[in-house]
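Student: Fold the following.
(one chain, ligands or ions: 1)
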Amino acid sequence: MLYYQSVKGTRDIFPEEVVRWHYVEEVVRRHAFLYGFREIRVPVFEYTDLFQRGIGATTDIVGKEMFSFQPDPQGRSMTLRPEMTAGVMRAALQKNLLSLAPVHKLFYIGELFRKERPQAGRQRQFTQFGAELLGASSPAAVAEVITLMMQVFEALGLKNLKLRINTLGDTDDRLRYREALQSYFAPFHATLDEASKERLEKNPLRILDSKNPAMQELVAGAPKLYDYLKASSLQEFEKVLLYLGERNIAYDIDHRLVRGLDYYCHTAFEVTSAELGAQDAIGGGGRYDALARELGNSADIPAVGFAVGMERLLITMEKQGLFGAIPVKSPLVYLVVQQQELADHAMQLAWQLRQAGVSSEIDLAARSMKAQMREANRMQASFALFIGATEYATGSYALKNLATSEQITLTFDEVLHFLQEHSARQLLD
Ligand code: AMP
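Tutor: Now for the predicted structure:
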């Protein structure tokens, strides 16, 4: 076995698969643009305290999920980003974006890093695309973000996805609820699993999120956040649901849905796919008005966003057979050299074709003509251009359509124009 192997929890994406990524990314970019979201790219690492403060010191990500390092022994610790939201908000605050315009709609596609135990659907390096709407978190803004996410899924042809939605109320609502949960779980302290015992003190809402089957019955009997919401919080939620209904977006209200991060408020949502195993969440998001203040801003900034895991999305698409139609990128023309003495001449022609925007392939390993033809077919080139002594001497070249086997003889200039036209048509397809 090779000594150098990829790290567990990371994976290589080879060209055949990259075309799928490009396809999904293109759909994401197109829809983000439709909804007025513009792309942002933030650094892959930040100071650790951005995530510690941003995510809330009591949640799991800080405890065990971050890859942190300290390049300079006296310096601040740094961390590979485990989420995007904190970085995007940091960037917005640092640039004072909201002084330029009251609302900013941003989207991203990027890699994240979490030190979780790798398993199916859970990697240590993975990719998310997502959107962050900063400066507004009205029901209209929340619905806009959810609609964008669902429309991307729809455009990709995904089926059997389930959108679950809940409201977490505001800080007051949650404080009252938190106390209610602590009083409910306290008498069962001995029966709680270790993770839940820890959460009881720090973040009892997360006990509801427990995947442990032994905890399900206890969790089912817990007080419902819904009963602790004030009227205005409920109205907000109902407005969001109304918008979704108007847009034919099916949802299930799930009062047990809580997002792990402390800065979330009001609407929270998650999308799961029946095609995935235990790790069935494909995306999720919610409102996070309090994040800006956690990051040192003098006031809250209304904000709402979502994030979707690309790898899980691609797994789901694969299982649903949604990739059949993606065309393989193949060269338009393969230059077949009949004698090696003409290789330099052929290379010069390939260069001219490429300069003119025609994707061209040429053998770089001095292989036989037969091997070159095999290669042209393997690559699914549309045409073969033959370069032999006669062609070189007369300046007219045989161009063969590899699909129909039709062959025409043209000067190089004619070849170039003919292929340029084909290229333009290929781009339109
Ligand atoms: P989160 O930021 O935890 O809300 O995750 C949002 C989405 O990212 C999830 O629904 C998953 O699709 C994806 N995701 C989260 N963690 C991982 C991971 N370790 N490996 C692969 N995908 C992940």
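
Student: next one: phi and psi at the residue in the stretch 251-400 of the chain that the ligand sits nearest to?
Tutor: Residue of the stretch 251-400 of the chain nearest the ligand, by C-beta to the nearest ligand atom: Gly309 (2.2 Å). Quick note: C-beta positions are derived from backbone N, CA and C, even for glycine. Here is the backbone geometry of Gly309 (degrees, to the nearest 10): phi -80, psi 120.

Student: what sits against it?
Tutor: Shown in contact with Gly309 (C-beta atoms under 8 Å, 6 or more residues apart in numbering): 126-128, 281-283.

Student: okay, the residues you listed in CSV with distance to Phe14 and pLDDT next?
Tutor: Supplementary listing: the contacts of Gly309 in CSV, determined by distance: C-beta to C-beta, whole Å; pLDDT from 0 to 100:
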residue, distance to Phe14, pLDDT
Phe126, 17, 98
Thr127, 15, 98
Gln128, 21, 98
Ala281, 26, 94
Ile282, 23, 97
Gly283, 25, 96
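
Student: Compute the distance between the residue nearest to Ile387 when sequence neighbours are not counted and Ser330, please.
Tutor: Excluding its sequence neighbours, the residue lying closest to Ile387 (C-beta to C-beta, 6 or more residues apart in numbering) is Ala346, at 4.6 Å. Distance, Ala346 to Ser330, using C-beta to C-beta, to the nearest Å: 19 Å.

Student: More neighbours: the two, which one.
Tutor: Ala346 (24 against 15; other C-beta atoms under 10 Å).

Student: Report all helices and strands that whichever strand or helix holds that one contacts.
Tutor: According to DSSP states H and E, Ala346 maps onto helix 343-355. The helices and strands touching helix 343-355, judged by 3 or more C-beta pairs under 8 Å, 6 or more residues apart in numbering; DSSP states H and E, are strand 333-337, strand 360-362, strand 383-387, helix 412-428.

Student: Swap in 10 Å and give it another go.
Tutor: Counting contacts by 3 or more C-beta pairs under 10 Å, 6 or more residues apart in numbering; DSSP states H and E, helix 343-355 packs against strand 333-337, strand 360-362, strand 383-387, helix 389-394, helix 412-428.

Student: and that helix, C-alpha only, in CSV?
Tutor: What follows is helix 343-355, C-alpha atoms only, in CSV (Å, rounded to 0.1, in the frame of the first residue of the first chain):
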residue,chain,number,x,y,z
ALA,A,343,5.5,17.0,-34.3
ASP,A,344,6.8,20.6,-33.9
HIS,A,345,4.8,21.8,-36.9
ALA,A,346,1.7,20.2,-35.4
MET,A,347,2.3,21.7,-32.1
GLN,A,348,2.6,25.1,-33.8
LEU,A,349,-0.8,24.5,-35.4
ALA,A,350,-2.4,23.4,-32.1
TRP,A,351,-1.1,26.6,-30.5
GLN,A,352,-2.7,28.6,-33.3
LEU,A,353,-6.0,26.8,-32.8
ARG,A,354,-6.0,27.3,-29.1
GLN,A,355,-5.2,31.0,-29.6
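
Student: Pull the residues that contact it.
Tutor: For helix 343-355, the external contacting residues (C-beta atoms under 10 Å, 6 or more residues apart in numbering) are 331-340, 342, 358-364, 366, 385-388, 391-392, 397, 412-413, 415-416, 419-420, 423.

Student: Report the beta-bridge partners for the residue of the stretch 1-150 of the chain found nearest the ligand.
Tutor: Of all residues in the stretch 1-150 of the chain, the one sitting closest to the ligand is Phe126 (3.5 Å; C-beta to the nearest ligand atom). Beta-bridge partners for Phe126, by DSSP bridges, are Leu112.

Student: What is the burial count for it?
Tutor: 19.

Student: What of Leu342?
Tutor: Count around Leu342 with other C-beta under 10 Å applied: 17.

Student: Contact residues of the stretch 51-200 of the chain facing the ligand?
Tutor: Residues of the stretch 51-200 of the chain lying close to the ligand by C-beta under 6 Å from any ligand atom are 83, 114, 116, 122-123, 126, 128.

Student: Tabulate the residues you listed (TSV), appending secondary structure.
Tutor: Formatted as TSV, those follow (DSSP: H, G, I helix; E, B strand; the rest coil):
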residue	secondary structure
Glu83	coil
Arg114	coil
Glu116	coil
Arg122	strand
Gln123	coil
Phe126	strand
Gln128	strand
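
Student: Show me which of those residues is closest to Arg30.
Tutor: Using C-beta to C-beta, the shortest approach to Arg30 within these belongs to Gln128, at 17.9 Å.

Student: I'd assumed Leu112 was in contact with the closest one.
Tutor: Yes - judged on C-beta atoms under 10 Å, Gln128 makes contact with Leu112 at a distance of 5.8 Å.

Student: shared neighbours of the two, which are they?
Tutor: Residues touching both Gln128 and Leu112 (C-beta under 10 Å, 6+ apart) are 81, 83-84, 307, 309.

Student: just those residues now: which is nearest Leu181?
Tutor: Proximity of the shared contacts of Gln128 and Leu112 to Leu181 was ranked by C-beta to C-beta; the top entry is Glu83 with 24.8 Å.

Student: what's near enough to touch the residue lying closest to the closest one once chain neighbours are set aside?
Tutor: Leaving out its chain neighbours, the residue that sits closest to Glu83 by C-beta to C-beta, 6+ apart is Leu112, at 6.4 Å. Neighbour list for Leu112: 44, 80-84, 87, 123-128, 307, 309 [criterion: C-beta under 10 Å, 6+ apart].

Student: ok, which pair from those is furthest apart?
Tutor: Gly87 and Gln123 (19.2 Å).

Student: beta partners for Ser68?
Tutor: For Ser68, the beta-bridge partners under DSSP bridges are Thr79.

Student: Surely Val19 touches Phe323?
Tutor: Yes - if you go by C-beta under 10 Å, Val19 and Phe323 touch, sitting 8.8 Å apart.

Student: I appreciate the help and will end here.
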